[in-house]
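Peer 1: pasting the sequence and the predicted model now:
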Amino acid sequence: MAIDHFFRAKKAWPLLVKRAQTTCVPFTYKEISNRIGLHHRAARWFLSEIQEFCHENKLAPLQALVVNKKTRLPGEGYDGSVITYEAHQKALKKVRKENWSNVKFKRE
């Protein structure tokens with residue numbers, strides 16, 4: 001039986017949206033994974049679903065709200081490249097400004 005990463009992403013989505021609408025302080029991979037009952041190594045898979053959805057719908061990168069505990073930056077899977085502190089701060093500003101209350105996380 002295949003793992004449904006989209007189902008897992010749907011569990012993380014409201015947590016990320018709430019964080020975007022309030023403090024906009026990033027979760028660590030472990031924090032977000034624990035909140036939805038998963039090991040932190042599963043985060044890259046469900047976050048890739050969120051990243052793809054945001055990209056396809058021209059939304060701010062909501063997955064920017066999840067970072068490595070030590071570096072305080074997103075990992076390698078984030079937008080397919082290494083990210084700088086400045087670029088991450090810019091992404092977080094976009095996340096903060098997005099009107100998430102009108103967005104339904106779903107597959108087309």
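Peer 2: Ah, there it is. All figures in this text were calculated on a predicted structure; none of them were measured in a lab.
Peer 1: name the helices or strands packed onto the longest helix along the chain?
Peer 2: Determined from DSSP state H, the single longest helix within the chain is helix 5-21. Under the contact criterion of 3 or more Cβ pairs under 8 Å, 6 or more residues apart in numbering; DSSP states H and E, helix 5-21 touches strand 27-28, helix 29-35, helix 43-56. C-beta here means a position set from N, CA and C on the backbone, and glycine is covered the same way.
Peer 1: identify the residue spatially nearest to residue 68, adjacent ones excluded.
Peer 2: Nearest residue to residue 68 in three dimensions, chain neighbours excluded: residue 75, at 5.7 Å (Cβ to Cβ, 6 or more residues apart in numbering).
Peer 1: ok, and what's touching the longest helix of the chain?
Peer 2: Contacts to helix 5-21, defined as Cβ atoms under 8 Å, 6 or more residues apart in numbering, come from residues 25-27, 32, 35-38, 42, 45-50, 53, 62-63, 65-66, 95-96, 98, 100-101, 103, 105, 107.
Peer 1: residues contacting the residue nearest to residue 68?
Peer 2: Applying Cβ under 8 Å, 6+ apart, the residues contacting residue 75 are 29, 44, 68.
Peer 1: quick check: it is in a helix.
Peer 2: No. Assigned with DSSP: H, G, I helix; E, B strand; the rest coil, residue 75 falls outside any helix and is coil.
Peer 1: got a list of what the spatially most central residue of the chain touches?
Peer 2: The residue lying closest to the centre of the chain (Cα atoms, centre = their mean) is residue 63, at 2.0 Å. Counting by Cβ under 8 Å, 6+ apart, residue 63 makes contact with 16, 47-48, 50-51, 54, 74, 78.
Peer 1: pull the CA atoms of the longest helix of the chain into PDB?
Peer 2: Extracted C-alpha coordinates of helix 5-21, given in PDB (Å, rounded to 0.1, in the frame of the first residue of the first chain):
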ATOM      1  CA  HIS A   5       1.600  12.100   1.200                       C
ATOM      2  CA  PHE A   6      -1.200  14.300   0.100                       C
ATOM      3  CA  PHE A   7      -3.400  13.100   3.000                       C
ATOM      4  CA  ARG A   8      -0.500  13.900   5.400                       C
ATOM      5  CA  ALA A   9      -0.100  17.300   3.800                       C
ATOM      6  CA  LYS A  10      -3.700  18.000   4.400                       C
ATOM      7  CA  LYS A  11      -3.100  17.400   8.100                       C
ATOM      8  CA  ALA A  12      -0.200  19.900   8.100                       C
ATOM      9  CA  TRP A  13      -1.900  22.500   6.000                       C
ATOM     10  CA  PRO A  14      -4.100  24.100   8.700                       C
ATOM     11  CA  LEU A  15      -1.200  24.200  11.100                       C
ATOM     12  CA  LEU A  16       0.900  26.100   8.600                       C
ATOM     13  CA  VAL A  17      -1.900  28.400   7.600                       C
ATOM     14  CA  LYS A  18      -2.600  29.300  11.200                       C
ATOM     15  CA  ARG A  19       1.100  30.000  11.800                       C
ATOM     16  CA  ALA A  20       1.200  32.100   8.600                       C
ATOM     17  CA  GLN A  21      -1.700  34.200   9.900                       C
END
